[in-house]
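Asks: what follows is a predicted structure for the sequence shown.
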Amino acid sequence: MTQFLSLFNNAIVFGTVILFGALGEIITEKSGNLNLGVPGIMFLGGIAGLATAFFYEMHAANPIGFVSLLLSFIAAFLAAALGGLIYSFLTISLRANQNVTGLTLTIFGSGLANLYGGSLNKMAGGVGQISVGLTSKAYRAYIPALANLGAVGKALFSYGFMAYLAIILAILASWFLNKSRVGLNLRAVGESPATADAAGINVTKYKYLATCIGAGVSGLGGLYYSMDYIKGTWTTDGTIEALGWLAVALVIFATWKPARAIWAAYLFGILYWAYNYIGGLTRASIELFKMLPYVVTIIVLIVVSLRHSKDSQPPASLGLSYFREER
């Protein structure tokens with residue numbers, strides 16, 4: 001029972017990181033934009049939030065955890081949204097190739113984040129010395145009275161607020177895309193921008209907003225990783241990039257449905273960390289276990305392709321630039 005709860009807790013924390021990344025990408029892809037820059041955007045969100053908290057804690061006479069949390073949260077969202085704006089300008093206004101632009105954004109975001117992460121480490125006194133303990137504690141705060149309600153309480157209530165925020169955002173995104181007028185317009189843009197344009201929908205505006213807001217949400221995954229997952233520090237081991245690609249895989253696994261991404265993210269977490277609870281594994285076996293989320297995604301992609309179910313397919317215009325003059 002103890003091992004199961006430990007695996008469950010690890011899966012929730014791990015899954016929350018990629019759930020943010022996947023939710024943002026689902027919103028983006030519903031507009032027809034395929035942004036493969038999710039890892040880079042998560043890097044931007046993580047370093048922006050960490051740097052803001054670091055400078056606030058360093059220069060404020062009496063730093064307050066909630067204020068630092070708020071500032072870092074806003075900074076992370078805006079920095080990631082700026083990454084989405086760069087992508088939007090290049091692919092929507094300048095009509096650059098979406099795949100190439102997304103991959104370039106990943107390289108740009110990781111390079112920029114690690115550059116500033118290294119600078120912050122030097123300012124903090126050396127590699128691995130940066131720490132924003134006050135802010136991280138605010139992000140990881142939970143209600144002890146609920147978490148102490150036995151095994152169930154520990155399993156459900158021993159997480160910081162962002163773990164619950166991810167679930168709330170997924171539910172809201174599902175309602176928005178399926179029930180609201182704006183969400184239905186967004187889906188129309190992703191399916192057939194020419195038809196949506198003819199119906200009076202501003203295709204460019206919807207694509208820009210969906211991509212920028214989606215990037216901002218994805219950036220919260222990087223913020224959660226730096227503030228909660230590794231407790232307010234910075235690492236250059238490439239984990240954020242790996243989680244970013246898992247978030248992209250999660251979009252496919254969840255068949256572009258935000259609500260389905262909730263349990264799928266936690267399933268990825270269980271598959272990824274299961275090796276810790278199986279004895280006698282070799283290094284090669286451990287690496288094979290870490291591949292499981294990708295293997296499962298490939299299987300789902302094959303099954304969905306064979307079924308030809310329209311409900312499980314990506315937006316029809318995904319990855320295709322829209323030229324109004326060709327309508």
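Replies: Ah, there it is.
Asks: tell me where the model's unsure across this structure.
Replies: 1, 125-129, 279, 308, 325-327 (pLDDT under 70).
Asks: now the helices for the stretch 151-300 of the chain?
Replies: With helices called from DSSP state H, counting those that start in this stretch, the stretch 151-300 of the chain shows them at 161-179, 181-191, 193-198, 203-224, 239-253, 258-273, 283-290, 292-307.
Asks: L281: how many residues sit nearby?
Replies: 14 (other Cβ atoms under 10 Å). For the C-beta atoms, the positions are set from N, CA and C on the backbone; glycine is no exception.
Asks: looking at the helices of the stretch 151-300 of the chain, which is nearest to I27?
Replies: Ranking the helices of the stretch 151-300 of the chain by proximity to I27 (Cβ to Cβ) places helix 203-224 first, at 3.7 Å.
Asks: can you give me the angle the closest one makes with helix 161-179?
Replies: Interaxial angle of helix 203-224 relative to helix 161-179 (axes from the mean of the first three to the mean of the last three Cα atoms, to 10 degrees): 160 degrees.
Asks: tell me the secondary structure at L318.
Replies: Following DSSP: H, G, I helix; E, B strand; the rest coil, we place L318 in the coil state.
Asks: tell me how far it lies from A96.
Replies: 16 Å (Cβ to Cβ, to the nearest Å).
Asks: T255 too?
Replies: 28 Å.
Asks: more crowded one of those two?
Replies: Between T255 and A96, T255 has the larger neighbour count (other Cβ under 10 Å), namely 18 against 15.
Asks: for the more buried one, phi and psi?
Replies: phi 50, psi 40 (degrees, to the nearest 10).
Asks: wait, it touches P315, no?
Replies: No. Look at T255 against P315 with Cβ atoms under 8 Å: they stay out of range, at 11.6 Å.
Asks: shared neighbours of these two, which are they?
Replies: Counting by Cβ atoms under 8 Å, 6 or more residues apart in numbering, T255 and P315 have no common neighbour.
Asks: how many residues are close by R181?
Replies: Counted with other Cβ under 10 Å, residues neighbouring R181 total 7.
Asks: that one and W273, how far apart?
Replies: In terms of Cβ to Cβ, R181 sits 41 Å off from W273.
Asks: ok, the closest residue in space to T255 that isn't next to it in sequence - contacts?
Replies: Excluding the flanking residues, the one nearest T255 by Cβ to Cβ, 6 or more residues apart in numbering is S312, at 4.3 Å. Residues near S312 by Cβ under 8 Å, 6+ apart: 255-256, 304.
Asks: name the nearest residue to S93, sequence neighbours excluded.
Replies: T204 (7.9 Å).
Asks: ok, that neighbour touching I92?
Replies: Yes. Counting by Cβ under 8 Å, T204 sits close enough to I92 to count as a contact (6.1 Å).
Asks: could you check which of these two is surrounded by more residues?
Replies: Neighbours were counted for T204 and for I92 using other Cβ under 10 Å; I92 has more, 21 against 16.
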